[in-house]
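Asker: I need the structure of the sequence given here:
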Amino acid sequence: MASIKALLSRNQLVDTLIHLRGNARACVYTEPLWGVPVTLFMPLAAKYMQALGLSELQIGVVATTFLLSQMVCALIGGAITEKLGRRTATALFDLFAWFVPMVIWMFAQSFAWFMAAALFNGFFRVTENSWGLLMVEDTPDDKLVSIYSLVSVAGLISGFVAPLTSVFVRNFALVPTMRALYLFAAVCMLVKVIILYFMTTETALGAKRQEELKGKSIFFAFRGSLAVLKAMFKKTPLMLVLGIMSCVMVIRSATDNFWPLLITASLGISEEALPLLSGLRSIAMLICFFVLAPRLRPQSFHKPMRFGLMIMAAIHFMLFLLPREAAWAVYVGVAAEALALSILIPLFSSLQMILIDKAEKARMFGFSLAFCLFVTSPFGTINGLLSKWYLGLPMLLSAILSLLALYFASRLNRSLEHVRLDEA
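Answerer: Predicted coordinates:
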């Protein structure tokens, strides 16, 4: 047993997992309670909307509404996190952002239901702020890449159960299966909220900020926000990281909402194959995280980030041009995308957390997310309109955005060439 543990501990990611303590352990260990249900229903979410009568344009409008809701919540998320504390804000807004929309999706009948669910689901940007700080605020910077990778791994473990969705759809049809999956997701999120609340404590900075705001209204927490926003815009490296994040967010939104429509309608892949493809993506990302994440360092981000973005550009150009006879290449594209995301996600997440001001983490983190969402929010509707002309056009736009992100990455490398990241 000791020899097996010694062998596993040679991998930095496994070693970090074994030795996690405190809030980081609670956040990572409970993440599968979110990842498993989301992975089960996400591959068929767009087809579920379509089955209930939504057009491509309406699906795009729902996506844009979701992004706009996220943008507003990201703007106020920092102040809410400061006032309520990281722990309480996470518990409260996890219920609003996940439990409530799951119930709405379960009973959904029309476009209006999905619009309401999108508005509530956007609240997750508040809990993303509070939960992210709860997890890493008391953690050394040199552990950030490993912890963000472990969070992704915890969600990706669910890829092993994703094929079950295909079995359910085959036996019970799409709509009844999705309603049952949303019920399962609602129960899982309720359990996660309860466990996480009792396994965590408020962070040191969070407790200090709560004490400073004690007896004051939540609006007091917004004081000085304009100065924080100006400081963020003046940090060129941070703004370039946010540019890269914005491009990747649009690409992933297109993958979630329009990629399933393209491969089923234009390339002839069956609906039952969608959960299998999602499972393939999760398993491939899981493998890549364990192999690649221990080798990733924010200080030497440029080459791996450039490699990941080049893969993303190639995949989406391929999807735009792919003929029906070569539909098998979709499986290769899914594995390649998993490789790219396993590089990009921990790198830009770590760079974002390192580059924001230490004293204003909650507000600047929230403003940085709001900026990304402000930039990306129109693209849901844009992709919806593009898909009405040709289902492959959102993939072409994603390829172009990958090239734009490559440009941002090159500029970021030059701006940090003579800067220590811990002093940025």
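Asker: Quick one: name whatever helix or strand follows the helix or strand A118 falls within.
Answerer: Element membership of A118 [criterion: DSSP states H and E] is helix 111-121. Downstream of helix 111-121, the next assigned helix or strand under DSSP H and E is helix 124-136.
Asker: With just CA atoms, put that following helix into CSV.
Answerer: What follows is helix 124-136, C-alpha atoms only, in CSV (Å, rounded to 0.1, in the frame of the first residue of the first chain):
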residue,chain,number,x,y,z
PHE,A,124,-24.1,31.1,-10.8
ARG,A,125,-21.7,34.0,-11.5
VAL,A,126,-22.3,35.2,-7.9
THR,A,127,-21.4,31.8,-6.5
GLU,A,128,-18.6,31.3,-9.0
ASN,A,129,-17.0,34.4,-7.4
SER,A,130,-17.7,33.3,-3.8
TRP,A,131,-17.0,29.6,-4.3
GLY,A,132,-13.8,30.4,-6.2
LEU,A,133,-12.5,32.6,-3.4
LEU,A,134,-13.7,30.1,-0.7
MET,A,135,-11.6,27.5,-2.4
VAL,A,136,-8.3,29.3,-3.1
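Asker: Which strands and helices lie in contact with it?
Answerer: Secondary-structure packing of helix 124-136 (3 or more Cβ pairs under 8 Å, 6 or more residues apart in numbering; DSSP states H and E): helix 22-29, helix 56-84, helix 86-94, helix 144-156, helix 204-212, helix 361-376. (Glycine included, C-beta is placed from N, CA and C.)
Asker: Check those helices for me: which has the lowest mean pLDDT.
Answerer: The minimum mean pLDDT among these belongs to helix 144-156 (a mean of 73).
Asker: to the chain's geometric centre, what's the distance from it?
Answerer: Helix 144-156 sits 12 Å away from the centroid of its parent chain (Cα atoms, centre = their mean, to the nearest Å).
Asker: now swap in stretch 138-145 and tell me
Answerer: 19 Å.
Asker: Give me the buried positions along it.
Answerer: By neighbour count on 16 or more other Cβ atoms under 10 Å, the buried set for stretch 138-145 is 138-139, 143-145.
Asker: and what of stretch 221-238?
Answerer: In terms of neighbour count (16+ other Cβ under 10 Å), stretch 221-238 has its buried residues at 221-222, 225, 228-229, 231-232, 235, 237-238.
Asker: would you list those in JSON lines and tack on distance to L412 and pLDDT?
Answerer: Output for these, formatted as JSON lines (distance: Cβ to Cβ, whole Å; pLDDT from 0 to 100):
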{"residue": "A221", "distance to L412": "31", "pLDDT": "71"}
{"residue": "F222", "distance to L412": "30", "pLDDT": "74"}
{"residue": "S225", "distance to L412": "26", "pLDDT": "77"}
{"residue": "V228", "distance to L412": "22", "pLDDT": "84"}
{"residue": "L229", "distance to L412": "21", "pLDDT": "85"}
{"residue": "A231", "distance to L412": "18", "pLDDT": "87"}
{"residue": "M232", "distance to L412": "15", "pLDDT": "89"}
{"residue": "K235", "distance to L412": "11", "pLDDT": "88"}
{"residue": "P237", "distance to L412": "6", "pLDDT": "89"}
{"residue": "L238", "distance to L412": "9", "pLDDT": "90"}
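Asker: Out of these, which comes closest to K47?
Answerer: L238 (37.7 Å; Cβ to Cβ).
Asker: now the helix or strand the closest one falls within, how far from the centre of its chain.
Answerer: Take DSSP H and E as the rule and L238 turns out to sit in helix 236-257. How far helix 236-257 lies from its chain's middle: 11 Å, per Cα atoms, centre = their mean.
Asker: For it, buried residues please.
Answerer: 237-255, 257.
Asker: which ones among the buried residues of stretch 221-238 are found in helices?
Answerer: 225, 228-229, 231-232, 237-238 (DSSP state H).
Asker: Those residues: which two are farthest apart?
Answerer: Farthest pair in those (Cβ to Cβ) is S225 and P237. Separation: 21.5 Å.
Asker: Quickly find the element holding the closest residue to F168 other than its chain neighbours.
Answerer: Nearest non-adjacent residue to F168, counting by Cβ to Cβ, 6 or more residues apart in numbering: T177, 4.3 Å away. Using DSSP H and E, T177 falls within helix 174-199.
Asker: name the helices or strands packed onto that helix?
Answerer: helix 22-29, helix 32-41, helix 45-51, helix 86-94, helix 100-107, helix 163-172.
Asker: one more time with 6 Å, if that's ok
Answerer: helix 32-41, helix 45-51, helix 86-94, helix 100-107 (3 or more Cβ pairs under 6 Å, 6 or more residues apart in numbering; DSSP states H and E).
Asker: now for these, which one comes closest to G206?
Answerer: Using Cβ to Cβ as the measure, helix 86-94 is the one of the helices and strands packed on helix 174-199 that comes nearest G206, at 4.3 Å.
Asker: can you pull the buried residues of the helix holding A118?
Answerer: Using 16+ other Cβ under 10 Å as the test for burial, helix 111-121 gives 111, 113-121.
Asker: same deal with stretch 333-346?
Answerer: Buried-residue list, stretch 333-346, by 16+ other Cβ under 10 Å: 333-346.
Asker: hang on, the earlier thing: gap between the helix holding A118 and the chain center?
Answerer: Distance, stretch centre to chain centre, for helix 111-121: 19 Å (Cα atoms, centre = their mean).
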